[in-house]
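Undergrad: here is a sequence with its predicted model. Questions after.
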Amino acid sequence: MALARILVIEDDEDVARLEQAVLERAGYAVRVTGSGAEGLELADSERPDVIILDVGLPDISGLDVCTSLSNSNNAFVLMVSGHTREQDVLLGLGLGADDYITKPFSGNELVARVASFLRRRERFSARPTSSSTLQIGSAVLDRDFHTLAYDGASSTLTALEFRLLWFLAEAEGRLLTRAQILEQVWNDTSGLPTRVVDVHVAALRKKLTEIEAPIEIASVRGIGYRLDKKGA
């Protein structure tokens, strides 16, 4: 069985060495770069399973790197920063990161976050399905390409957006609490604030609007979300 591939984009050499050492000790194949530009190249050429991305890079802002990754790569992205304010966390998550960890952190915590990502992928891949596509009214969600297509238009979703939309679509018409969504989509192991669900639902709504998909993600204040087909 091939080792899971981890890409570390971190310009602090001491932090990068620590991350590489603990991840390799946990059994992962690790590549390290201190450059955002080279990180984007490696993400494209090596297709890692998880990317650990520092916010403060010397050449390109980690936030800009995260935006580029969310538009072109299906890897999980764990953002690393010294900022602890919730609004900073939510900003990173809103740009496409799957999780956020603040410095200083322990090697055990880092390995736990990475393992959680990989469990999510295995859990989602193992879910029974008769097809790689899911029909949502007249729109089609494609597992192989991580796209949502409708009437000739298509939108590429991040890995997390895709799992979130698939989960909502499978429960079409049923109200799902934020806790249920965190448990099924995020695996609820990292203590994320429930507002992270709101951030990713907002990103999904924007992509649905861009292709005019006849899908609505309705919110119930203080509880959660429900996916409905427009006109249904």
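TA: Great, that's in hand. Numbering: from 1, shown residues only.

Undergrad: could you find the closest non-adjacent residue to residue 92?
TA: residue 79 (4.4 Å; CB to CB, 6 or more residues apart in numbering). Heads up, the C-betas are built off the backbone N, CA and C, glycines and all.

Undergrad: just name the shakiest helix or strand of the protein by mean pLDDT.
TA: Taking mean pLDDT, DSSP states H and E as the measure, the chain has helix 86-94 as its least confident helix or strand, at a mean of 69.

Undergrad: all helices of this protein, in order?
TA: Along the chain, the segments classed as helices by DSSP state H run 13-25, 36-46, 62-72, 86-94, 107-126, 159-170, 178-181, 195-210.

Undergrad: which positions in the third one come out as buried?
TA: Spelled out, it's helix 62-72. Neighbour counts over helix 62-72 (16 or more other CB atoms under 10 Å) mark 62-63, 65-66, 68-70 as buried.

Undergrad: and if you look at the shortest one?
TA: For helix 178-181, the neighbour count (16+ other CB under 10 Å) marks 178, 180-181 as buried.

Undergrad: what's the pLDDT at residue 72?
TA: What the model reports for residue 72 is a pLDDT of 67.

Undergrad: now distance to residue 149 too, for the helices of the chain, in JSON lines please.
TA: Shown next, in JSON lines, are the helices of the chain (distance: least, CB to CB, whole Å):
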{"stretch": "helix 13-25", "distance to residue 149": "36"}
{"stretch": "helix 36-46", "distance to residue 149": "23"}
{"stretch": "helix 62-72", "distance to residue 149": "17"}
{"stretch": "helix 86-94", "distance to residue 149": "24"}
{"stretch": "helix 107-126", "distance to residue 149": "20"}
{"stretch": "helix 159-170", "distance to residue 149": "12"}
{"stretch": "helix 178-181", "distance to residue 149": "24"}
{"stretch": "helix 195-210", "distance to residue 149": "12"}
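
Undergrad: so which of these is the most surrounded?
TA: Greatest average neighbour count among the helices of the chain goes to helix 159-170 (a mean of 22), per mean count of other CB atoms under 10 Å.

Undergrad: residue ranges of each domain in the protein, please.
TA: Using automatic domain parsing, the domain ranges for the chain come out as 5-125, 128-229.

Undergrad: the shortest one: how far from the chain's middle?
TA: Meaning domain 128-229. Put simply, domain 128-229 sits 12 Å off its chain's centre (CA atoms, centre = their mean, to the nearest Å).

Undergrad: got a list of what the closest residue to residue 197 other than its chain neighbours touches?
TA: Of all residues not flanking residue 197 in the chain, residue 178 sits nearest, at 4.7 Å (CB to CB, 6+ apart). Residue 178 makes contacts with 194, 197-198, 223-225, as judged by CB atoms under 8 Å, 6 or more residues apart in numbering.

Undergrad: of all the residues you listed, which comes closest to residue 136?
TA: residue 225 (14.4 Å; CB to CB).

Undergrad: was I right about that closest one contacting residue 167?
TA: No. Using CB atoms under 8 Å, residue 225 is not in contact with residue 167; the gap is 10.1 Å.

Undergrad: shaky segments in this structure?
TA: Within the chain, the ranges that satisfy pLDDT under 70 run 1, 71-73, 84-90, 123-131, 187-192, 231-232.

Undergrad: can you rerun that using 50?
TA: Filtered on pLDDT under 50, the chain yields the residue ranges 189.

Undergrad: sorry, back to before: can you put the contacts of residue 178 in JSON lines and add distance to residue 33?
TA: Output for those, formatted as JSON lines (distance: CB to CB, whole Å):
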{"residue": "194", "distance to residue 33": "34"}
{"residue": "197", "distance to residue 33": "32"}
{"residue": "198", "distance to residue 33": "33"}
{"residue": "223", "distance to residue 33": "43"}
{"residue": "224", "distance to residue 33": "39"}
{"residue": "225", "distance to residue 33": "37"}
